[in-house]
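[1] quick one: sequence plus predicted model below, questions after.
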Amino acid sequence: MNPRQCRASPRVGTGIPRAGIRAPSMVGGHARGKVMSAARPASSTSSAMASAVQIPKNISSRDLLSKVESIGRFGIWVYDVASGQAHCSSGVHHILGAAPLNRPFHPSSITRMAHPRDAGSAVDVFSLSLRGTPSQQTFRIVRADRTVRWIHTLAEPVLGDNGLVASVVGIVTDVTAQEEAARLLALNERRRHGLFDHLAMRTWSVDATGRPIDGAPLAGPAPGRRSSPEEPRPDASFEDALLLDKVRGAIAQGRPFSLCHLVLDERHRRRMPLLLGGAPILDDEGQVLEWHGFTLRMKAGGMPQVNIRHIEPQHVRAARALMKWSVQELARRAGVSVSTVQRLESDTSSRPSDPLVTRIIEALREGGATLCYGPSGNICLLDG
């Protein structure tokens, strides 16, 4: 399983604030910077926060930050350029799996923890921020206890009065749950497509009303798939209306269905059996969200075999004509007399015995012409 491509992207904004810092916030699932203007009086800011959230007096700001970080699975760090010192919250230590007293924290250590598969593409967002470029990235790290975690790291430079980078503010977020869920979903999709690509002609999806979303039960190849001359398309002359009624009826009742459909292979000019199946996808309340289905190529041998007593003269004549055999050739292959084949193909002569008819039908099937039952129960002739 290929690792997810690590991402490092420059921040887009109006510029780096000179008289304040950007307090990163989560917007739409991605870290965004929001300028906190220093021109705003601190008292008004405190008053606004106090009116919005009543913080108990017995909880310190440090404890409150620790609880928020634990719930949000993130940590904050700050690097001061003048002193060369970095400070981080307990959330950073928790995510990186390092004890606070083991050694002083430095932002560059985050990149050095990158998983071997991500190390080549991992970018040190801290170094970029020191050069005045805000950046963010998602990659895997290997902690001291050998556990692997996905993190999203973000760093923003803060300029001093001289226009140079005075400090860097960063956030580290543990996104393991989101990444593993996304990768599991992608893996399941690859499994499903791999299975259907191996077994099925194509897959399709329709909404709860039967309107196509991706392909259609009786359409050509699904979008994104290249059609080939060997890929059959429905034979519009062969009871499509009846099949469509069955599909619509199943969709209207919200029940899975499996139907056999004969299609015309335009390259070889022969009819082929396809199995058309579909099942509803339900929401938590049991309502149908959409339908997923497949069209599976079947071998003639998988079709319902015909009762020899249902075979009529025109069926045998059509099968022999399809094979371009003479009466003598069919008789030779079946090991019967010429008169036996002639009586079976005649509308007026007496019918041969069942064992003889069976030998003739088997000879036709071995030659590539199979008589079977179609979707509506009628007898159909398949080539191959």
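    Done, it's in. Just so we're clear, the structure is a prediction, and the values are computed from it rather than from any experiment.

[2] all helices of the stretch 51-200 of the chain, in order?
    Ranges of helices within the stretch 51-200 of the chain are 61-72, 90-96, 108-112, 116-119, 125-130, 176-199, based on DSSP state H, counting those that start in this stretch.

[3] summarise which helices and strands the last one is packed against.
    With contacts defined as 3 or more C-beta pairs under 8 Å, 6 or more residues apart in numbering; DSSP states H and E, helix 176-199 has these neighbours: strand 148-159, strand 200-207, strand 288-297. The way it works is simple: take the backbone N, C-alpha and C, and place the C-beta from them, glycine included.

[4] mean pLDDT for the ones you listed: which is lowest?
    When the helices and strands packed on helix 176-199 are compared by mean pLDDT, strand 200-207 comes last with a mean of 75.

[5] okay, now the sheet partners of that strand, with direction.
    strand 212-214 (antiparallel), strand 288-297 (antiparallel) (DSSP bridges).

[6] average pLDDT for the shortest one?
    When you say that, I think you mean strand 212-214. 78.

[7] from what I see, residue 137 and residue 152 are in contact.
    Yes - using C-beta atoms under 8 Å, residue 137 is in contact with residue 152, at 7.4 Å.

[8] which element follows the helix or strand where residue 331 lies toward the C-terminus?
    Secondary structure from DSSP states H and E places residue 331 in helix 327-334. Where DSSP H and E defines the elements, the next helix or strand beyond helix 327-334 is helix 338-345.

[9] and the helix or strand residue 370 falls within, what does it pack against?
    Assigned by DSSP H and E, residue 370 belongs to strand 369-373. Using 3+ C-beta pairs under 8 Å, 6+ apart, the elements in contact with strand 369-373 are helix 313-323, helix 354-367, strand 379-383.

[10] quick one: residue 324 from residue 330, how far?
    The spacing between residue 324 and residue 330, counted by C-beta to C-beta, to the nearest Å, is 11 Å.

[11] more crowded one of those two?
    Legend: neighbour count by other C-beta atoms under 10 Å for residue 324 and residue 330, higher for residue 330 (23 against 8).

[12] ok now do the more buried one, which residues does it touch?
    320, 323, 341, 360, 363, 364 (C-beta atoms under 8 Å, 6 or more residues apart in numbering).

[13] leaving aside the residues next to it on the chain, what's closest to the fourth one?
    So that's residue 360. Distances taken as C-beta to C-beta, 6 or more residues apart in numbering place residue 334 nearest to residue 360, at 4.6 Å, with adjacent residues excluded.

[14] much appreciated, bye for now.
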